[in-house]
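Engineer: need coordinates for the below:
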Amino acid sequence: MSGQKTVTPDADGLVASITAAKTRGLPPVHLWNPPFCGDLDMRIARDGTWFYQGTPIGRPGLVKLFSSILKREEGKYFLVTPVEKVGITVDDAPFVAIDFEVEGTSETQVLTFVTHVDDVAVAGQDHPIRVERDPETGEPSPYILIRADLEALIDRKSFYRVVDLGTHHDGWFGVWSGGHFFGIIPSAELP
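Structural biologist: Next comes the predicted model:
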């Protein structure tokens, strides 16, 4: 070997790197392209719970810190700092939209979503809403784009509220936000 030391990625090292690189707002992970250091035993469950080595991370501030350096490339998720990049597992979407506010009415309304890690996204052209349906059960899974190819699963209570705001447009039942219509289900499929 050439004397290079192999470093196993761990959460403490990531925290130190994030803290050293911390700037106001979200870190510029889109500008960082460090070498891949391996996978970290970290997982984000469908309900938004973060796990490290099989144990839930109970400190909201730490979860928020990790979420600020999350990046998605070619369908895989990574935590990225200026000096390292580690793979993590995401069961569904990395974020959960836990609430939203409505301003305006019908076609002029604006829906502003907030996630469990305090990200805010105004549904519209830059933050579209999409709904996937389970092919076997037909159950909907609604999502909103939060940032840079990272989505939030819209929680059930919020989705019910979105549906309550719904209307029919061009053969679809859906919702307006920011001047854009987001289809939820074809009108013909409604009872």
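Engineer: low-confidence bits of this protein, can you list those?
Structural biologist: Where the chain drops to pLDDT under 70, the residues are 1-24.
Engineer: can you give me the helices in it?
Structural biologist: With helices called from DSSP state H, the chain shows them at 11-21, 60-67, 156-164.
Engineer: how about the contacts made by residue 77?
Structural biologist: Shown in contact with residue 77 (Cβ atoms under 8 Å, 6 or more residues apart in numbering): 44, 70-71, 87-90, 94. Every C-beta, even on glycine, is put in place using the N, C-alpha and C of the backbone.
Engineer: sort out for me which of those are in strands.
Structural biologist: 44, 70-71, 87-90 (DSSP state E).
Engineer: most neighbours, which of these?
Structural biologist: With neighbours set by other Cβ atoms under 10 Å, the maximum within these is found at residue 44, which has 24 neighbours.
Engineer: how far away is the residue lying closest to it once chain neighbours are set aside from residue 56?
Structural biologist: Computed as Cβ to Cβ, 6 or more residues apart in numbering, the closest residue to residue 44 that is not its neighbour in sequence is residue 90, at 4.7 Å. Separation of residue 90 from residue 56 (Cβ to Cβ, to the nearest Å): 15 Å.
Engineer: which non-adjacent residue is nearest residue 68?
Structural biologist: Using Cβ to Cβ, 6+ apart, the nearest residue to residue 68 is residue 26, at 5.4 Å.
Engineer: thought that neighbour was touching residue 150?
Structural biologist: No - applying Cβ atoms under 8 Å, one finds residue 26 not in contact with residue 150, separated by 10.8 Å.
Engineer: and the two? Which one has more around it.
Structural biologist: Neighbours were counted for residue 26 and for residue 150 using other Cβ under 10 Å; residue 150 has more, 18 against 14.
Engineer: could you measure from that one over to residue 169?
Structural biologist: 28 Å.
Engineer: just residue 188 next, same as before
Structural biologist: Look at residue 188 and residue 169: by Cβ to Cβ, they are 13 Å apart.
Engineer: more neighbours, the two?
Structural biologist: Taking neighbours as other Cβ under 10 Å, residue 188 and residue 169 compare with residue 169 leading, 15 against 8.
Engineer: hang on, residue 122 packs against residue 104?
Structural biologist: No - counting by Cβ under 8 Å, residue 122 sits too far from residue 104 to count as a contact (11.7 Å).
Engineer: for residue 92, what are phi and psi?
Structural biologist: The phi and psi torsions at residue 92 (degrees, to the nearest 10) take the values phi -140, psi -100.
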